[in-house]
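A.B. asks: I'll drop the sequence and a predicted model, then ask my questions.
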Amino acid sequence: MRSFVLTTLFVTLFLTPTMVAAAPRGPRPVEGLDRVMIISIDGLRPDLLLRARTPHLHGLFENGSYTFWARTTAASTTLPSHVSMLTGVVPEVHAIMWNADLPLAQRVYPNAPTLFELAKKSGYTTAIASGKSKFVTLDKPGTIDWSYFPGTLTSEDPEVIAAALRILREHRPDVMVVHLPSTDNAGHAKGWGTPEQMAAIERADESVGALLGALDELALRERTLIIISADHGGAGRTHGPEDPRSRTIPWIASGPGIRRGFDLARLSDLDVETYDTFATSCAVLGIPIERRIRGKFISAILEKQELLQSPRVDPATQPATQAAPGAADAGAGAGSTTGP
Ligand SMILES: [Zn+2]
């Protein structure tokens, strides 16, 4: 009872009078890794990424952990899949089932907290630069600090990158999502795997290079988990359900403390899904998730998995104290926590 009174007093006295109470931030598995940038290349089929001249993307997966067999939602369409990527739940749960700009009288938001919302609650700053106007459904008031949405249904990568670089340089958001639309635009206009789309993929790679350059310039690269993924692939001039060419997406994680050159498909029982982008971002940032979600933390990306305070460690084979010295080492001298 006494602790309840004290807790109530604490909450009353110290929490800021915003609409949501701040959630405590848990430990980060890599202490110095306190930022996340998710780059989604709309419509990027993994085999095309590998076939195109994409030196920046190649650099990321060669120095990171990756799979070219990750899967998006069953629907394999842009808006439901991106909302799943950023909420960790299936479209039937977040309820953004449409893929168009709807003439809604009132804006509708996902029926599940987004990465932006949870990151804000944990004291991180957030931003998005998106290439399609329908992404405004992610922009629930109070959850995204800096945003760019085009005024038209779709735009092209250069506009998005210009906005993303501006936001990055001016505000240095802790959590940033960049959505590049041109690969999908070229797929619908000319076809998946056509020379025109291959050229779009190569330009998307240059955009990724510009973002990496800005992170380097701002000395943020060594604190940032970079996740590269997509919302779907495609075949012919379309994409849709029940087609592995639409459903298969790349998933690349790169950054300090992340295993280098590690193909996650070496793990036969690990299926990486788009929901895992959300769960892995939250786990890396120490953001608690307070509901059942489909996504899971892809802990196999960590160089030092033994540092994880994981209940999956079998006490019969792992002495309880084994992780402690390493954990202390990992924390020593690492980057400090950023405020909002
Ligand atoms: Zn798409």
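C.D. replies: Sure thing, it's come through.
A.B. asks: Which residues of the stretch 201-340 of the chain lie near the ion?
C.D. replies: For the stretch 201-340 of the chain, the contact set with the ion under CB under 5 Å from the ion comprises Asp231. Quick note: C-beta positions are derived from backbone N, CA and C, even for glycine.
A.B. asks: can you list the weak-confidence ranges in the stretch 201-340 of the chain?
C.D. replies: 306-340 (pLDDT under 70).
A.B. asks: the helices in it, which residues?
C.D. replies: 244-247, 275-285, 323-331 (DSSP state H, counting those that start in this stretch).
A.B. asks: With the stretch 1-150 of the chain instead?
C.D. replies: Going by DSSP H, counting those that start in this stretch, the stretch 1-150 of the chain shows helices at 2-14, 46-51, 55-62, 78-87, 91-94, 115-121.
A.B. asks: Can I get the fourth one in CSV, CA atoms only?
C.D. replies: Pointing back at helix 78-87 there. Extracted C-alpha coordinates of helix 78-87, given in CSV (Å, rounded to 0.1, in the frame of the first residue of the first chain):
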residue,chain,number,x,y,z
THR,A,78,2.4,-0.7,-49.5
LEU,A,79,0.5,0.9,-46.7
PRO,A,80,-0.7,-2.2,-44.8
SER,A,81,2.9,-3.6,-45.0
HIS,A,82,4.6,-0.4,-43.9
VAL,A,83,2.2,-0.1,-41.0
SER,A,84,3.0,-3.7,-40.0
MET,A,85,6.8,-2.9,-40.4
LEU,A,86,6.3,0.0,-37.9
THR,A,87,3.9,-1.6,-35.4
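A.B. asks: And for that helix, what's in contact with it?
C.D. replies: 38, 40, 42, 72-73, 75, 90-91, 93-94, 96-100, 110, 112-116, 132, 134-135, 137-138, 177, 179, 184, 229, 231-232, 274-275, 277-278, 293-294 (CB atoms under 8 Å, 6 or more residues apart in numbering).
A.B. asks: so does that helix get close to the ion?
C.D. replies: Yes - contact of helix 78-87 with the ion (CB under 5 Å from the ion) involves Thr78.
A.B. asks: what's the offset of that helix from the middle of its chain?
C.D. replies: 10 Å (CA atoms, centre = their mean, to the nearest Å).
A.B. asks: To Ile301, which of the helices of the stretch 1-150 of the chain lies closest?
C.D. replies: helix 55-62 (11.5 Å; CB to CB).
A.B. asks: elements contacting the closest one?
C.D. replies: helix 195-217, strand 224-229, strand 248-254 (3 or more CB pairs under 8 Å, 6 or more residues apart in numbering; DSSP states H and E).
A.B. asks: Paired strands for the shortest one, with orientation please.
C.D. replies: Each strand pairing with strand 224-229, determined using DSSP bridges, is listed with its direction: strand 35-41 (parallel), strand 248-254 (antiparallel).
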